[in-house]
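[1] Sequence isn't available, so here's the structure alone:
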């Protein structure tokens, strides 16, 4: 069985790679991220930070259960946002309003929770699929990766009982 610390470092590295690729597509391929893309970046960052802290801290018993919960919450947040994005992208054209305000403008105009609600209702810019790999859009890949990383992180961090001593 792989070491829990190694899996946590690998999870953090995978999240870093996902964020690096998102920045690469933004700055070198000129793909402007929509508000839902930005939310996915925040949740992937949170998942990566939890993985990194779990790897560095490497707790036993009760502490490991805390990281199981934190990884599950961060992964579920990423899964939720990316699943919503995939759903919006799968709708017929014109199902959502043409365009919304940029995320930084929304944060200047509204309270954080109002911005979250507005972004999750999405606009037309979130329905545009401008990048695919093997037929899947970027939010679909984020969904897939979050499922794998979340599952692996939860399973790896569940504390194992030490083997019982046998006297023969």
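    The structure has been received and is ready for your questions. Just so it is clear, the structure is predicted and the values come from calculations on it, not from any experiment. Residues are numbered from 1 along each chain as shown.
[2] So which bits of stretch 25-38 are buried?
    Going by neighbour count (16 or more other Cβ atoms under 10 Å), the buried part of stretch 25-38 is 25, 31, 33-37. All C-beta spots, glycine's among them, are computed from the backbone N, C-alpha and C.
[3] no wait, stretch 75-84
    With burial defined by 16+ other Cβ under 10 Å, the residues of stretch 75-84 counted as buried are 75, 77-84.
[4] now the residues you listed in a markdown table, with distance to residue 50, pLDDT and secondary structure?
    Putting the buried residues of stretch 75-84 into a markdown table (distance: Cβ to Cβ, whole Å; pLDDT from 0 to 100; DSSP: H, G, I helix; E, B strand; the rest coil) gives the following:
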| residue | distance to residue 50 | pLDDT | secondary structure |
| --- | --- | --- | --- |
| 75 | 9 | 95 | helix |
| 77 | 11 | 94 | helix |
| 78 | 11 | 94 | helix |
| 79 | 14 | 94 | helix |
| 80 | 16 | 91 | helix |
| 81 | 16 | 89 | helix |
| 82 | 17 | 91 | helix |
| 83 | 20 | 90 | helix |
| 84 | 21 | 86 | helix |
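[5] ok, of these, which one's closest to residue 59?
    Taking Cβ to Cβ as the measure, residue 75 is the one of the buried residues of stretch 75-84 closest to residue 59, at 18.8 Å.
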